[in-house]
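Chemist: whatever this is, show me its structure:
(2 chains)
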Amino acid sequence: MSMQIEDPRIVEFDVQTDEMLVNMGPQHPSTHGVLRLLLRTDGEIVHECTPHIGYLHRSAEKIGENLAAPQWIPYTDRMDYLAAMNMNLGFALTVEKMVGMEVNEKAKHLRVFIAELGRVASHLVGMGAYGLDLGTFSPFLYAFREREIILDFFEEVCGARLTCSYLTIGGATHDLPEEIEIPDGLSALLKMDKGQRAPFFNVVEMFLSWLEDRIKEYHTLLTRNSIFIKRTAGIGVLSREMAISYGCTGPVLRGSGVDYDLRRDGEAIYTRMYEGYDFQIPVAEFADAPQEAVLGDNWCRFYVRMMEVVQAIRLVRQSIPKYLAAEGSHRETFKFNTKLPKDEVYLETEAPRGQMGFYVVGNGAAEPLRVRAKSSCFCNLSITDKLCEGVPLADVPSVVGSLDIVMGEIDR
Amino acid sequence: MDIQEIHSLLLEKFGDSAVGQAPVEATDSWIQVSRDSIVEVGAFLRDNERLRFDHLNDLCGCDYLEPNEKKAAKFGHDPHVEVVYQLSSIELKHRLKLKVVLPRWKNDEEGRLPEVPSVSGVWGIADWHEREAFDLVGIHFQDHPNLRRILCPEDWEGHALRKDYDFPLEYHGVRGR
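Modeler: This next block holds a predicted model:
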C-alpha cells in the first residue's frame, strides 16, 4: 500500500478542478457586517482571498474637519459601535493630551469602570458571534443576554445603549447614578421581583458575580468543546513576526504571543488611569491549552478574549471603591468653542479590538485641521489574505471571526 | 531612547540632507525625513538594535491648505501635503513620529499626485495604510504592490481629504448634496 492512500489529505489534493471565483459577502452573516471577500478556490481549498472594504465608509474624518472636537465624539461611537465607550475615551484623551488637560481622580476611576464594562460587553459579542460563525447558536443567545444587562447599565448612566457619547473631553457627561431599578434581565436571572430599586454599584456587583460563574460555563460550551477545538485549533496560525509587521494589535497580537498592552505599555496620560490597579495581561501561549492548539491560531485569539473578560471584571470591581473614595467633579469644562492649539498629537488606547489611535492636528481654531482615526480592525483585517491561503472554504469564517472585526471601525 | 538621541543617530548615519530638525516645542515631536531616503531610514529604524521600531502604528496623509482666500493669510502654513508615520517598538516600548513633506501636486501641475516611495517592504501594514492615503489624500506611493483605492469605489474621482475637494454632484445616477 502506498503512502498516498494512507494519508487522506494527499488524495484530496490530487484531485484538480477548475479554479472558481466565489464572492463571500458583503451581506454574508459571518463577515460581521459589510465585508466582501473575493475567494479564488480550487474545489474546497482557498488559493487567494482578497478583502474588499469600504461599504460602510461615512467620511468620518472629513466630517471631523468641520466640527469642534466635542462635536465629533458621537462620530467615534459609530466607529466601533460594539465598544462605543472605549472609542469615546480614546478621542477624549487625545484632545486632553493636546490641550494639556488631565481629568481628576474621580473621573479617571469612572472611566476605568465604564471602559472595562465596555470591554466585557464587546468581548461577549465577540464570543457569541464567533460561536455563530462556527455554527453553534446557543452561546450567542447567552452572550447577548449578558450583554443586554451591561447595555441597561449604560442606559441608566447616560441614556443611550449603543451610541453612548458618554466619556467626553474633560471627564464624562454625567456622574454615575446612585440608585437604579434593577434591569429586568438581571432580576429575572436572579429570580427576583421585577422593578426593585437598589444602589447602582450593588446592582453592578450582583451582575458581575453572576457573570463570573457563567464564564466557566462558556468554557465548557465553547473553549473546551471538542468540536470547537477542531474548528479553531491549529487553523489560521499567525506568527509573532507577521503579527508585528502587519500592525496587528489587541487580542490578535497577544494571541500570537506578544506581551504588549497599552494599559501597561502605553503613553503616560493613558497608563496613569490604570495606576494602582492590579490586573494581568493574558498572552498566548497558555499552559491549559488543548494539545491541538498552536501559538497564534484561532483558538488562542479566542481564549485571550475570554481571559480578558475575567481581568476586565477584576478591574471594574477595583474601580468601584476607588471611585467612591475619590473627590471632585466627574467633569471639567471643555467648551465647544475652545480653540485647539497649533499642535498635533497622536494617542493610542487599548480598545477591546486592539489599539485605537487618534491623530488630531489643530491650527488655532475650534475645528481641527485634520482628525484621523487609526482603526485596529483595519490592521487586523489586512492579514486575512495571508491567513486564508490554502485553508478549506469552511474555515474562512473561522479565521475571519477569530479576528473579531467591526466594519464600522474599519470603514469609518 | 528620546527623540534627540534618535535624531543625532539618524543625522550621523544619513546626513542633514536626508534628516530634518526635530521641533522641540511640539507635544509630540517628530523628525522630518526627505522623500528619497524614507525607505532606508525606515529600514534602519526597524533593524537597529537600539531602536527596533518594528511596529508601524499609523501612516496617514494630511493636506495643509486654506481654500478660503480671506482666511489664507492667517493660516500659517505654506500649502503642502504631509505623510505622517507613527512608529513604536514592541520590545523597547518607545515611540517615534516621522514626517515626509511633499508638494500638493507633482511639479505644481494640478492633478498630478505627489510621489513618495512606499514603505510596504519595511512594514507589511503600510500596504493598506498607503492605499488609504492614496485614496483619501491623493498621494502616489511609488513601487507599491497594489496601489488601488480601498475605501472609495475604484471609479471614484478626486481625493476626499484634500482641502479643495469638491463633493461630486452625481455618482452613477445617485444625487449628492
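
Chemist: where do the strands of the stretch 201-350 of chain A begin and end?
Modeler: For the stretch 201-350 of chain A, the strands defined by DSSP state E, counting those that start in this stretch occupy A:344-351.

Chemist: around chain B, which positions in it sit nearby?
Modeler: Contact residues of the stretch 201-350 of chain A with respect to chain B, defined by CB under 8 Å from any CB of the partner chain, are listed as A:242, A:244-247, A:258, A:260, A:265, A:267, A:342-346, A:348. The way it works is simple: take the backbone N, C-alpha and C, and place the C-beta from them, glycine included.

Chemist: so what's the closest residue to chain B within the stretch 51-200 of chain A up against?
Modeler: The stretch 51-200 of chain A approaches chain B most closely through residue A:54 (4.0 Å), counting by CB to the nearest CB. For residue A:54, the set of contacting residues under the criterion of CB atoms under 8 Å, 6 or more residues apart in numbering or on different chains consists of A:411, B:149, B:150, B:151, B:152, B:153.

Chemist: can you list the low-confidence ranges for the stretch 301-412 of chain A?
Modeler: In the prediction, the stretch 301-412 of chain A carries no residues with pLDDT under 70.

Chemist: hmm, which helix or strand of chain B has the shakiest average pLDDT?
Modeler: Taking mean pLDDT, DSSP states H and E as the measure, helix B:69-75 is the helix or strand of chain B with the lowest mean score, a mean of 79.

Chemist: please, which helix or strand holds the residue lying closest to residue A:160 once chain neighbours are set aside?
Modeler: Distances taken as CB to CB, 6 or more residues apart in numbering or on different chains place residue A:154 nearest to residue A:160, at 6.9 Å, with adjacent residues excluded. Following DSSP states H and E, one finds residue A:154 within helix A:138-158.

Chemist: which residues are contacting whichever helix or strand comes after that helix?
Modeler: In the C-terminal direction, the helix or strand that comes right after helix A:138-158 (DSSP H and E) is strand A:167-168. Contacts with strand A:167-168, where a contact means CB under 8 Å, 6+ apart, come from A:70, A:73, A:85, A:88, A:89, A:92, A:111, A:114, A:115, A:331, A:334.

Chemist: the helix or strand just after strand A:167-168 packs against which elements?
Modeler: Elements were assigned by DSSP H and E; along the chain past strand A:167-168, the next helix or strand is strand A:171-172. Packed against strand A:171-172, as judged by 3 or more CB pairs under 8 Å, 6 or more residues apart in numbering or on different chains; DSSP states H and E, are the following elements: helix A:105-133.

Chemist: tilt between the helix it packs on and helix A:138-158?
Modeler: For helix A:105-133 and helix A:138-158, the angle between their directions (axes from the mean of the first three to the mean of the last three CA atoms, to 10 degrees) works out to 160 degrees.

Chemist: residues of helix A:105-133 that come out buried?
Modeler: Neighbour-count burial for helix A:105-133 flags A:106-133 (criterion: 16 or more other CB atoms under 10 Å in any protein chain shown).

Chemist: for the residue of chain B found nearest chain A, which non-adjacent residue is closest in space?
Modeler: Proximity of chain B to chain A (CB to the nearest CB) peaks at residue B:125, 3.3 Å away. Here the nearest residue to residue B:125 in space, its sequence neighbours aside, is residue A:247; by CB to CB, 6+ apart that works out to 3.3 Å.

Chemist: re earlier: out of the contacts of residue A:54, which are buried?
Modeler: Under a neighbour-count criterion of 16+ other CB under 10 Å, the subset of the contacts of residue A:54 counted as buried comprises A:411, B:149, B:150, B:151, B:152.

Chemist: what are the phi and psi values for the fourth one?
Modeler: Pointing back at residue B:151 there. In this entry, residue B:151 is assigned phi and psi values of phi -100, psi -40 (degrees, to the nearest 10).

Chemist: separation between it and residue A:21?
Modeler: Look at residue B:151 and residue A:21: by CB to CB, to the nearest Å, they are 23 Å apart.

Chemist: now swap in the last one and tell me
Modeler: According to CB to CB, residue B:152 stands 23 Å off from residue A:21.

Chemist: got the contact list for the residue nearest to residue A:160?
Modeler: Listed by CB under 8 Å, 6+ apart, the contact partners of residue A:154 are A:85, A:114, A:117, A:160, A:161, A:164, A:166.

Chemist: is it true that residue A:320 touches residue A:113?
Modeler: Yes. Counting by CB atoms under 8 Å, residue A:320 sits close enough to residue A:113 to count as a contact (6.8 Å).

Chemist: how about the residues of chain B by chain A?
Modeler: B:26-28, B:54-58, B:60, B:62-64, B:74-77, B:84, B:86, B:90, B:93, B:95, B:97, B:123-125, B:127-129, B:132, B:136, B:149-153, B:160-161.

Chemist: which residues does the residue lying closest to residue A:21 once chain neighbours are set aside contact?
Modeler: Take residue A:21 and drop its neighbours on the chain: the residue closest to it by CB to CB, 6+ apart is residue A:40, 5.8 Å away. With contacts defined as CB under 8 Å, 6+ apart, the neighbours of residue A:40 are A:19, A:20, A:21, A:22, A:46, A:47, A:48, A:49.

Chemist: turn those residues into JSON lines, columns for neighbour count and distance to residue A:286.
Modeler: Output for the contacts of residue A:40, formatted as JSON lines (neighbours: other CB atoms under 10 Å in any protein chain shown; distance: CB to CB, whole Å):
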{"residue": "A:19", "neighbour count": "11", "distance to residue A:286": "38"}
{"residue": "A:20", "neighbour count": "11", "distance to residue A:286": "38"}
{"residue": "A:21", "neighbour count": "10", "distance to residue A:286": "38"}
{"residue": "A:22", "neighbour count": "13", "distance to residue A:286": "35"}
{"residue": "A:46", "neighbour count": "24", "distance to residue A:286": "28"}
{"residue": "A:47", "neighbour count": "13", "distance to residue A:286": "32"}
{"residue": "A:48", "neighbour count": "15", "distance to residue A:286": "32"}
{"residue": "A:49", "neighbour count": "24", "distance to residue A:286": "28"}
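
Chemist: between the residues you listed, which is closest to residue A:202?
Modeler: Each of the contacts of residue A:40 was checked against residue A:202 using CB to CB; the closest is residue A:49, at 49.1 Å.

Chemist: enumerate every residue touching the closest one.
Modeler: Under the criterion of CB under 8 Å, 6+ apart, the neighbours of residue A:49 are A:37, A:38, A:39, A:40, A:384, A:385, A:388, A:389, A:396.

Chemist: let's see that with 10 Å instead.
Modeler: With contacts defined as CB atoms under 10 Å, 6 or more residues apart in numbering or on different chains, residue A:49 is in contact with A:22, A:24, A:37-41, A:384-391, A:393, A:396, A:399-400.

Chemist: ok, residue B:55 next?
Modeler: With contact taken as CB under 10 Å, 6+ apart, residue B:55 is in contact with A:243-249, A:253, A:258, A:260, A:355, A:379, B:46, B:86-91, B:95, B:123, B:125.

Chemist: just the buried residues out of these, in PyMOL syntax.
Modeler: Typed into PyMOL, the next command selects the buried ones out of those (criterion: 16+ other CB under 10 Å):
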select buried, (chain A and resi 243+244+245+246+247+248+249+253+258+260+355+379) or (chain B and resi 46+86+87+88+89+90+95+123+125)
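
Chemist: just the ones of the contacts of residue B:55 in helices?
Modeler: Using DSSP state H, the subset of the contacts of residue B:55 located in helices is A:243, A:244, A:245, A:253, A:379, B:46.

Chemist: shaky segments in the stretch 151-300 of chain A?
Modeler: Low-confidence regions of the stretch 151-300 of chain A, defined here as pLDDT under 70, do not occur.

Chemist: from it, which residue is nearest to chain B?
Modeler: Among the residues of the stretch 151-300 of chain A, residue A:247 lies closest to chain B, at 3.3 Å counting by CB to the nearest CB.

Chemist: so that residue touches residue A:260, yeah?
Modeler: No. Using CB atoms under 10 Å, residue A:247 and residue A:260 do not qualify as a contacting pair, with a distance of 12.0 Å.

Chemist: between those two, which contacts overlap?
Modeler: Shared contacts of residue A:247 and residue A:260, defined by CB under 10 Å, 6+ apart, are found at A:253, A:355, B:55.
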